[in-house]
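**Student:** Take a look and give me a structure for this.
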Amino acid sequence: YRDGRLFLAKTDAPLAFTWSWPDVDPASIDPTTVTVSRDPCGRWYVSFAVDVAAPDRLAAPRTAVGVDLGVTDFAVTSDGDKIPNPRHLAKRDRNPARYQRRQARKTRGSNNHRKARAKVARAHRKVRAARTDFLHKTSTRLVRDHDVIVIEDLAVTNMVRNRKLAKAISDCGWGVFRRMLNYKTARYGR
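**Tutor:** Model (predicted):
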């Protein structure tokens, strides 16, 4: 990585990449690590690890909130605020299932099987991206609005053993939400 341009081994020209932060000039960063990866649906990603200063602490609003997680409503706060569950997998469940049936009818190892597998991966990526976006927005809003956040301690792995609720519980993403709250509260001094 030189002067804001990325060169890969055995390539003559620099690699074209999309930069996601318009306020940061890619030529001004000095990454410690550059990782190039490819997801199962065929997209390539370039990740830069950069040393930066710690973020500023947010002004403390001096409010505490308790969060009750659920399936019908994703979360209900002690303030009475209900965050509806978007049910990302239930909304988009038709496409991955249809693509998986189509993939099962293809001959293993063929080009058509490879293309069908990429379609299945693309459908799952869309569900995963929508869920992650919702969890990031919800956790960030809670961290910005409240000084102390109390969340119930759920044994999600035990709850998923219930065959009737396993899919709905997994679709909620409570474990990921809890991890996001942990690192965001630590980062912003909550």
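
**Student:** so which helix or strand takes in the nearest residue to residue 185 once chain neighbours are set aside?
**Tutor:** Leaving out its chain neighbours, the residue that sits closest to residue 185 by C-beta to C-beta, 6 or more residues apart in numbering is residue 143, at 5.8 Å. (Glycine included, C-beta is placed from N, CA and C.) Taking DSSP states H and E as the definition, residue 143 sits inside helix 111-145.

**Student:** Each with direction, which strands does the helix or strand following that helix pair with?
**Tutor:** The helix or strand immediately downstream of helix 111-145 is strand 148-151, counting by DSSP H and E. Here strand 148-151 has these sheet partners by DSSP bridges: strand 64-69 (parallel).

**Student:** before we move on, the earlier item: pLDDT score assigned to the residue nearest to residue 185?
**Tutor:** pLDDT for residue 143: 92.

**Student:** how about it, what does it touch?
**Tutor:** Going by C-beta atoms under 8 Å, 6 or more residues apart in numbering, residue 143 touches 58, 149, 181, 184-185, 188, 190.

**Student:** so of the residues you listed, which ones are in helices?
**Tutor:** 181, 184-185, 188 (DSSP state H).

**Student:** Please tabulate the residues you listed in a markdown table, including the columns distance to residue 171 and neighbour count.
**Tutor:** What follows is these, written out as a markdown table (distance: C-beta to C-beta, whole Å; neighbours: other C-beta atoms under 10 Å):
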| residue | distance to residue 171 | neighbour count |
| --- | --- | --- |
| 181 | 19 | 20 |
| 184 | 22 | 17 |
| 185 | 24 | 17 |
| 188 | 28 | 16 |
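
**Student:** Which single one of those residues is nearest to residue 20?
**Tutor:** Nearest to residue 20 among these, counting by C-beta to C-beta, is residue 184 at 19.1 Å.

**Student:** how is this structure carved up into domains?
**Tutor:** If you go by the TED database, the domain ranges for the chain are 1-52, 64-188.

**Student:** Quick check: which of those is buried the most?
**Tutor:** Neighbour counts (mean count of other C-beta atoms under 10 Å) averaged over each of the domains of the chain peak at domain 64-188, with a mean of 15.

**Student:** Out of the domains of the chain, name the one with the poorest average pLDDT.
**Tutor:** Looking at these, the bottom one is domain 1-52 with a mean of 85.

**Student:** Next up, the contacts around the residue nearest the centre of the chain.
**Tutor:** With distances taken as C-alpha atoms, centre = their mean, residue 132 lies nearest the centre of the chain, 3.2 Å away. Residue 132 sits next to 173, 176 when contact means C-beta under 8 Å, 6+ apart.

**Student:** separation between the closest residue to residue 67 other than its chain neighbours and residue 187?
**Tutor:** Beyond its immediate neighbours in the sequence, the residue positioned closest to residue 67 (C-beta to C-beta, 6+ apart) is residue 151, lying 4.6 Å away. Distance, residue 151 to residue 187, by C-beta to C-beta, to the nearest Å: 17 Å.

**Student:** With residue 7 instead?
**Tutor:** 33 Å.
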